[in-house]
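Enquirer: Structure of the sequence below:
(2 chains)
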There are 2 protein chains.
Amino acid sequence: MEPTTVAILGLGLIGGSLARDLAAAGHTVLAHDADGASTEAALGAGVLAGVLEPGLEGLAGADIVVLAVPGDAAEALLRRAQPHLQAARLVTDTGSTKRRIVDAALQAGLADRFVGAHPLAGDHRSGWAAARAGLFRGATVYLCPTPRTPAAATDLAERFWRGVGAVTVATGAAAHDRALAWSSHLPQVASSALALALRQADIAPADLGPGGRDATRLAASNVQLWTAIALENRDNLGPAIHALELRLAALRQAIADGDETRTAALLRAAAAWRDSAPAAR
Amino acid sequence: MEPTTVAILGLGLIGGSLARDLAAAGHTVLAHDADGASTEAALGAGVLAGVLEPGLEGLAGADIVVLAVPGDAAEALLRRAQPHLQAARLVTDTGSTKRRIVDAALQAGLADRFVGAHPLAGDHRSGWAAARAGLFRGATVYLCPTPRTPAAATDLAERFWRGVGAVTVATGAAAHDRALAWSSHLPQVASSALALALRQADIAPADLGPGGRDATRLAASNVQLWTAIALENRDNLGPAIHALELRLAALRQAIADGDETRTAALLRAAAAWRDSAPAAR
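Expert: Below is the predicted model of the structure:
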C-alpha cells in the first residue's frame, strides 16, 4: 500500500502492534489512547508522528482510521470520532465481534467507508507493553463489508491488512459472529471453566504439566474484554457452551461405564480432528 | 548417581529420552522395545550398549530397571520381567496412574525394590522419534514408595530421577491418582471434548487462533494411552469432569442472563488463578 496517514485509536496489543508495523513500512502514524503513558511510550519508541488530542479533531488529517479498542468501547469511540471522519477513505476496527460495530457504523452514516475487521492475532497479554512487530504476519483477518460497502473501500481494507502480512477473509458480520462463537469464544470459556474447576479442587497452576498449562493459558485473558465479547455474542455462544457440556458428559459416561471402545472412539475422533491441523505456527 | 547399568523397557518419548540422558551421563543403557525399529534407531544413535531379547533374561545384569510403557502394558511387562529382577536394586516405572502398578509390584514380590514414578514430562507426541535429551530437566517426577519400601530403594529412586534433572515429589499412589485426575487427566478430557464440539460444528483446526490451538493441543495425544489412563482412574476422573460441566453451565447461565457482574466475576476468578502460576517454562 502507498505511504499514507493512519490514525490508530487505542494503543493496546493490537493497535500498538499495528502502529509498529505501519511506521516501519513508512506510513505516518497518529494515535490516541485514554492512557497517556501508552502514547508517551510509543512516541519514545519513534513509532508515532503525532498524538491526537481527546477531541479527536486531528482525525481530519487521516486517510485511514483504525478503532483498536474492545467492542463496547469501540462504539462510543466511533460516535466521538464521527464528526471528524469526512476525509477518511477507510474506517476499520479490530473487535472480536462484528454485528454491533457494523450496525453502529451504518447508523453513523459511514456505510461508504467502514469495513469491520477482526484480526485473529490477540493472545492472553494486553497493552502497549505487549505490542510487537510482525504480530499480523500470516494471521487471518476477517473483513465484514456490507452490501452497501463500495468496492474501493473493501479493496483498501484488504490492501491495508495485507500490508502488515495478514491473510484477509471476507465474510458477513452475522456469519462471522456465529463461527467465532465456536472457534474463538468457546475455547476461551472452556479454558476459564477448566481453571475454575481446578481452582475449586485446590490444584495450583504449578501442579500442571505442559499440556495443562496450554489448556488453561487462555484463562489469563483480559476479563473486561472477554466479558463484553461473551455478552455481545451470547445468542451464538450459549449453544456452543452447551454442546461442549454434552461432549464432556458423553466422555464422562463412557469412562464411568469402563467402556474402552466408546472412550477410545471419542478420543480418536478428537485426535483425528486435531491432527487435520496444519503445523502450528 | 555413580555410573551403573540401567535397563529401559519401552523406548517411546519417555523411555527414549531417559535413555539419551542416561547414556550421555555415562551409564550403560540396555533396552527392549516391541518395535525393533526403535531399538535399531537407538543403537544407531549410539545410545544403547545392548538390546534385550524378548525373554528379558538380560535384565539379570541390570542394576536399575525402568518400565517405560503405558499403564496396562506395564503390568504385563512387569510379570514378564519379574523372574529376572533378583539382582536389581531399583525397579521403577513412568506410568501416569500409580495405584495399579504399585499393587502389581507388591503382588510380584517386589516390595523391597519397586518405587513407582510418574514424570510430568509427556506431551502430545510419542515414540522414539519424539525422544530428546533434557526432557526431564526441571520436570516434576512423582515418586510413590509404599510403607514397605526400604529407605535405600526410595533414596536410589530419588537420585536416579534427579540425575536426569527432575524435581522429585514423594506421595502415596492413591493421593497421586486423585490429584492427577484434576491436574492432568481433566485437562486432557477437556481438550478432547472441545475438539469434539468444534468438529461437530464444522470448525477446522485452521480456523482457530493461537489460543484455540493451545486449548485443543492435548486432543492430539495418544488415544490408546489416554483411554487406559481414563479408565484406570475413572473413580477420580468422573467427579472432576462433572465439576467442569458445572463450571461451564454456570458461565453459560451468567452469559445467557446478560449478567455482566456474574460473568466478569467468574472470568476474573479464573484469570486470578491462572496468573498465580510462575512463568511458563
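
Enquirer: which residues in the stretch 1-150 of chain A form helices?
Expert: A:13-24, A:36-44, A:71-81, A:99-107 (DSSP state H, counting those that start in this stretch).

Enquirer: Report the residue spans of chain A with pLDDT below the cut-off.
Expert: Residue ranges of chain A with pLDDT under 70: A:123-124, A:277-281.

Enquirer: how about the strands in it?
Expert: A:5-9, A:28-32, A:50-51, A:64-67, A:90-93, A:114-119, A:140-144, A:167-170 (DSSP state E).

Enquirer: The closest residue to A:D93 other than its chain neighbours pairs with what?
Expert: Spatial nearest neighbour of A:D93, excluding adjacent residues (CB to CB, 6 or more residues apart in numbering or on different chains): A:L67 at 4.0 Å. C-beta: built from backbone N, CA, C; applies to glycine. Taking DSSP bridges as the rule, A:L67 bridges to A:L9, A:D93.

Enquirer: pretty sure A:L67 is touching A:G10, no?
Expert: Yes - if you go by CB atoms under 8 Å, A:L67 and A:G10 touch, sitting 6.8 Å apart.

Enquirer: so what's in contact with the two at the same time?
Expert: Here A:L67 and A:G10 have A:L77 as joint contacts, going by CB atoms under 8 Å, 6 or more residues apart in numbering or on different chains.

Enquirer: Nearest residue to the middle of chain A?
Expert: The centroid of chain A falls nearest to A:S96 when counting by CA atoms, centre = their mean (4.1 Å).

Enquirer: Spatially nearest residue to A:A25 (excluding sequence neighbours)?
Expert: A:G163 (6.4 Å).

Enquirer: and what of A:I241?
Expert: The shortest distance from A:I241 to any non-neighbouring residue, by CB to CB, 6+ apart, is to B:R252 (4.1 Å).

Enquirer: what ranges do the helices span in the stretch 151-281 of chain A?
Expert: So, for the stretch 151-281 of chain A - with DSSP H, counting those that start in this stretch - the helices run A:151-163, A:173-180, A:186-200, A:210-216, A:223-232, A:234-256, A:260-275.

Enquirer: next one: the shortest one to chain centre, how far?
Expert: Here helix A:210-216 is found 22 Å from its chain centre; the criterion is CA atoms, centre = their mean, to the nearest Å.

Enquirer: what packs against it?
Expert: helix A:186-200, helix B:186-200, helix B:210-216 (3 or more CB pairs under 8 Å, 6 or more residues apart in numbering or on different chains; DSSP states H and E).

Enquirer: make it 10 Å
Expert: Applying 3 or more CB pairs under 10 Å, 6 or more residues apart in numbering or on different chains; DSSP states H and E, we find helix A:210-216 packed against helix A:186-200, helix B:186-200, helix B:210-216, helix B:260-275.

Enquirer: what's the answer for the third one, then?
Expert: Helix A:186-200 makes packing contacts with helix A:210-216, helix A:223-232, helix A:234-256, helix B:186-200, helix B:210-216, helix B:234-256, helix B:260-275 when contacts are defined by 3+ CB pairs under 10 Å, 6+ apart.

Enquirer: Kindly report the same for the second one.
Expert: Judged by 3+ CB pairs under 10 Å, 6+ apart, the packing partners of helix A:173-180 are helix A:99-107, strand A:114-119, strand A:140-144, helix A:223-232, helix A:234-256.

Enquirer: Parallel or antiparallel, which strands does the third one pair with?
Expert: Meaning strand A:140-144. Under the rule (DSSP bridges), strand A:140-144 has strand A:114-119 (antiparallel), strand A:167-170 (parallel) as partners.

Enquirer: Deepest-packed of these, please.
Expert: strand A:114-119 (a mean of 28; mean count of other CB atoms under 10 Å in any protein chain shown).

Enquirer: Okay, angle between that one and helix A:71-81 too, please.
Expert: 150 degrees (axes from the mean of the first three to the mean of the last three CA atoms, to 10 degrees).

Enquirer: Thought A:A166 was touching A:G138, still the case?
Expert: Yes - between A:G138 and A:A166 there is a contact under CB atoms under 10 Å: 7.8 Å.

Enquirer: Can you pick out the residue with more neighbours from these two?
Expert: A:A166 (24 against 10; other CB atoms under 10 Å in any protein chain shown).

Enquirer: Pull the contacting residues for the residue nearest to that one when sequence neighbours are not counted.
Expert: In this structure, A:A166 finds its nearest non-sequential neighbour in A:V141, 4.1 Å apart by CB to CB, 6+ apart. By CB atoms under 10 Å, 6 or more residues apart in numbering or on different chains, the contact list for A:V141 reads A:92, A:94, A:117-121, A:157-158, A:160-162, A:164-169.

Enquirer: Ok, A:S192 next?
Expert: A:216, A:218-221, A:223, A:226, A:230, B:247-248, B:251, B:263, B:266-271, B:273-274.

Enquirer: Can you say which of these are buried?
Expert: A:216, A:218-221, A:223, A:226, A:230, B:247-248, B:251, B:263, B:266-267, B:269-271, B:273-274 (16 or more other CB atoms under 10 Å in any protein chain shown).

Enquirer: got the contact list for the residue in the stretch 1-150 of chain A that chain B sits nearest to?
Expert: Residue nearest to chain B within the stretch 1-150 of chain A (CB to the nearest CB): A:L120, separated by 4.2 Å. With contact set as CB under 10 Å, 6+ apart, A:L120 has these partners: A:96, A:136, A:139-142, A:166-167, A:169, A:180, A:183-184, B:207-212.

Enquirer: repeat that for 7 Å
Expert: A:L120 is in contact with A:139-141, B:209, counting by CB atoms under 7 Å, 6 or more residues apart in numbering or on different chains.

Enquirer: Looking at these, which is nearest A:T4?
Expert: A:V141 (18.3 Å; CB to CB).

Enquirer: Give the bridge partners for the closest one, please.
Expert: A:P119, A:T168.

Enquirer: picking that back up, want to throw the contacts of A:L120 into CSV with distance to B:S192?
Expert: Shown next, in CSV, are those (distance: CB to CB, whole Å):
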residue, distance to B:S192
A:A139, 26
A:T140, 25
A:V141, 30
B:G209, 20
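
Enquirer: Tell me how many other residues crowd the closest residue to A:S276 other than its chain neighbours.
Expert: Nearest non-adjacent residue to A:S276, counting by CB to CB, 6+ apart: B:P205, 5.9 Å away. Neighbour count of B:P205, defined by other CB under 10 Å: 22.

Enquirer: now swap in A:R217 and tell me
Expert: With other CB under 10 Å as criterion, A:R217 counts 22.

Enquirer: Next: A:D155.
Expert: If you count neighbours by other CB under 10 Å, A:D155 ends up with 13.

Enquirer: what's the answer for A:L196, then?
Expert: For A:L196, using other CB under 10 Å, the count is 23.

Enquirer: Which residue, neighbours along the chain excluded, lies closest to it?
Expert: B:R247 (4.3 Å).

Enquirer: Isn't the residue nearest to A:A25 up against A:E2?
Expert: No - counting by CB atoms under 7 Å, A:G163 stays clear of A:E2, with 9.8 Å between them.

Enquirer: These two: who's more crowded?
Expert: A:G163 (15 against 8).

Enquirer: So the more buried one versus A:L225, what's the distance?
Expert: 25 Å (CB to CB, to the nearest Å).

Enquirer: Ok, A:L194 next?
Expert: Where A:L225 is concerned, A:L194 sits at a distance of 19 Å (CB to CB).
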